[in-house]
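*Asks:* Turn this into a model:
(2 chains)
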Number of protein chains: 2
Amino acid sequence: MSTGGRERDAVRLGPGGEFQTIRSFLAALPAAPGVRVGPGDDAAVLDGGIALSTDMAVEGVHFRFDWVTPAEAGYRACAAALSDLAAMAAHPVGVLVSLAVPGPGGAASLPIMGGVRELLDALQVPLLGGDLTRSPGPVVIDVVAVGRAEHPLLRRGARPGDELWVTGRLGAAAAAVAQWERGLEPPPELRERFVRPTPRLAEARHLASALGASAGLDLSDGLAGDGGHLAAASGVGLVIDAWRIPLHPAVASEGPGIALHGGEDFELLVTIPPDHPGAEVENFRERFDLSLTRIGTVEPGRGLRIRDVPGGEPRRPERGGWDHFNEAEEEEQG
Amino acid sequence: MSTGGRERDAVRLGPGGEFQTIRSFLAALPAAPGVRVGPGDDAAVLDGGIALSTDMAVEGVHFRFDWVTPAEAGYRACAAALSDLAAMAAHPVGVLVSLAVPGPGGAASLPIMGGVRELLDALQVPLLGGDLTRSPGPVVIDVVAVGRAEHPLLRRGARPGDELWVTGRLGAAAAAVAQWERGLEPPPELRERFVRPTPRLAEARHLASALGASAGLDLSDGLAGDGGHLAAASGVGLVIDAWRIPLHPAVASEGPGIALHGGEDFELLVTIPPDHPGAEVENFRERFDLSLTRIGTVEPGRGLRIRDVPGGEPRRPERGGWDHFNEAEEEEQG
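*Replies:* Got it, this is the predicted structure:
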């Protein structure tokens, strides 16, 4: 499928303004019996702790076949869906995969499912079922992730005084996309972070159980966008110290903007009460061989602000995360 | 989106040969802990009875906007997904809806979700969550249906000597499609059966509990195709008496072929042991104001055969259900 100029930046997207549309329906829904966590978090949770999320990846919007192989597209779509379970501190139970692929014969589904299978085998997560259909246009991969979350980590729950922490080093996936957009092939260490993101499943459960994380989500939309979601859901203000943001070594020279406004990192952003056991931070880093960095604080108020230098005055971000609908709109108007 | 000749008949499709592709992956999967029913039935069932199904509807393949409105497309996609839960004799718990719609702004999702909402409100089923993304091509609607099935009705379980029964009157949806394909507007009573199919949820639970149904599924692919799936899963033969097939009054003159080879009826095909309480059949008809018709028998052997006249020799069907991939292949070759 060809992807014209309108889709150029659309790979960097996430649950930004696009969700306002669907939320107009969701907000009016009554609380449902049997549902512990309804729409608006990373996954729904039923009474009994079953967590459910659905994540749709569309060729030309979320990935392009001149950038990634079909197997990589499958791996990535599956990792993104499992990352929603990680955001809830859930154990994965299985996934269902719906595919639409160009005909004839449906053979195009085989390498995509090979990539899905590679990740599922590595994580020992079963494929529970799926659907396969013909597409008259782009490849579409919808992955339903099913998990169990006895004590789900929600977007709401952050309290003023909590600390804001992030796992891993950010910006590599966004940098890979930026290279592709310039017609370059990104270096392997950047490319790999785009095509094979790691859902931080065990890490999230540890943050919830050992460090008492009060709220959290996975970073699909950039720190500014996703931090804003967390602040809104918790009814608090967040202040991010820009100089503390851990960047991937290959993008360190680009400054924190790439982590604030570039998406697809699939790391975890959590709030942790200040009285957490300090030894557990080091324990986390050793156990998972993954950085864990305090990047800010939860404060009274609303929304997300960024402090650029120590002692400086926090400012509102000039923009949020990526939103492919708004972007398309701008380009159509422009 | 325009749909050319290649998609003309593709609306009548279902889990036919298309599933062979994905099955090559599923068959090799080990039995997973925590999973009671794995891939290959209408829904997966977890330990504890949670039933999960995903059903993807693609513009130009499953529906066309010169045939149905966006609201009708949403209603229909949701009904098809819930029909998979009916096929398992499950109680619906909720649905998640992933949408890909052309930009800008995602406004095209609103009427589609209005149709989804209409059905969910009527059934008192909550919307648990979803995803919304831009599509560079067709509208794609993926509906995840979540239910509870303490005693799921499976495709396997039919035994020689059981009787084969079907709910409702068949062929109206296929007849509506045939009219559209001829450039005609189908009469309302046919059109309605295509755009607003009824998932037979309570009916399936009654067939399982009161009539002891031994196996069953929902008819998305025509009696020949879906009967073949049931026979294969149960390892038995099925003989359908063609003259017993209940046809919708408006298509009665077309003969049983439209029910055997035309899909999208979303009625239930079940096997029932011969010692079932006969009064319960009449009870079912009155309770649900729906016909329930014995159309054949389960026999030793394999596969599905059709008896055209009383006393006649059963024959293999000349073809199965609809398969959009095979169909596309034929047309590409032709």
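*Asks:* Where does the prediction get shaky in chain A?
*Replies:* Along chain A, segments meeting pLDDT under 70 span A:1-31, A:320-334.
*Asks:* show me where it has helices.
*Replies:* With DSSP state H as the criterion, chain A has helices at A:18-26, A:70-87, A:109-123, A:172-181, A:188-195, A:201-209, A:223-234, A:257-261, A:279-288, A:324-333.
*Asks:* would JSON lines of those helices with mean neighbour count and distance to chain B be doable?
*Replies:* For the C-beta atoms, the positions are set from N, CA and C on the backbone; glycine is no exception. Below are those laid out as JSON lines (neighbours: other CB atoms under 10 Å in any protein chain shown; distance: least, CB to the nearest CB, whole Å):
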{"stretch": "helix A:18-26", "mean neighbour count": "18", "distance to chain B": "4"}
{"stretch": "helix A:70-87", "mean neighbour count": "26", "distance to chain B": "9"}
{"stretch": "helix A:109-123", "mean neighbour count": "20", "distance to chain B": "5"}
{"stretch": "helix A:172-181", "mean neighbour count": "24", "distance to chain B": "16"}
{"stretch": "helix A:188-195", "mean neighbour count": "19", "distance to chain B": "18"}
{"stretch": "helix A:201-209", "mean neighbour count": "20", "distance to chain B": "15"}
{"stretch": "helix A:223-234", "mean neighbour count": "24", "distance to chain B": "14"}
{"stretch": "helix A:257-261", "mean neighbour count": "24", "distance to chain B": "19"}
{"stretch": "helix A:279-288", "mean neighbour count": "14", "distance to chain B": "24"}
{"stretch": "helix A:324-333", "mean neighbour count": "18", "distance to chain B": "4"}
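*Asks:* Out of those, which is closest to B:Glu192?
*Replies:* Evaluated with CB to CB, those place helix A:18-26 nearest to B:Glu192, the distance being 24.3 Å.
*Asks:* contacting residues for A:Val125?
*Replies:* Contacts for A:Val125 (CB atoms under 8 Å, 6 or more residues apart in numbering or on different chains) come out as A:Leu82, A:Pro92, A:Val93, A:Gly94, A:Val95, A:Leu119.
*Asks:* among those residues, which two are most distant?
*Replies:* Most distant of these, by CB to CB, are A:Val93 and A:Leu119, 15.1 Å apart.
*Asks:* How about A:Gly216: which residues does it bridge to?
*Replies:* Counting by DSSP bridges, A:Gly216 is bridged to A:Val270.
*Asks:* Can you get me a residue count around it?
*Replies:* Using other CB atoms under 10 Å in any protein chain shown, A:Gly216 is surrounded by 30 other residues.
*Asks:* Double-check it against A:Pro152; I have them as touching.
*Replies:* No. Under the criterion of CB atoms under 8 Å, A:Gly216 makes no contact with A:Pro152, lying 10.0 Å away.
*Asks:* quick one: common contacting residues for the two?
*Replies:* With CB under 8 Å, 6+ apart, A:Gly216 and A:Pro152 have common neighbours A:Ala89.
*Asks:* Okay, and the beta partners of A:Ala44?
*Replies:* For A:Ala44, the beta-bridge partners under DSSP bridges are A:Leu52.
*Asks:* can you tell me the residue of chain A closest to chain B?
*Replies:* Among all residues of chain A, A:Gly137 sits closest to chain B, at 2.5 Å; criterion: CB to the nearest CB.
*Asks:* give me the number of residues near that residue?
*Replies:* 22.
*Asks:* okay if I get the helices of chain A as a markdown table plus distance to B:Thr167?
*Replies:* Formatted as a markdown table, the helices of chain A follow (distance: least, CB to CB, whole Å):
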| stretch | distance to B:Thr167 |
| --- | --- |
| helix A:18-26 | 31 |
| helix A:70-87 | 35 |
| helix A:109-123 | 32 |
| helix A:172-181 | 50 |
| helix A:188-195 | 47 |
| helix A:201-209 | 43 |
| helix A:223-234 | 44 |
| helix A:257-261 | 54 |
| helix A:279-288 | 53 |
| helix A:324-333 | 42 |
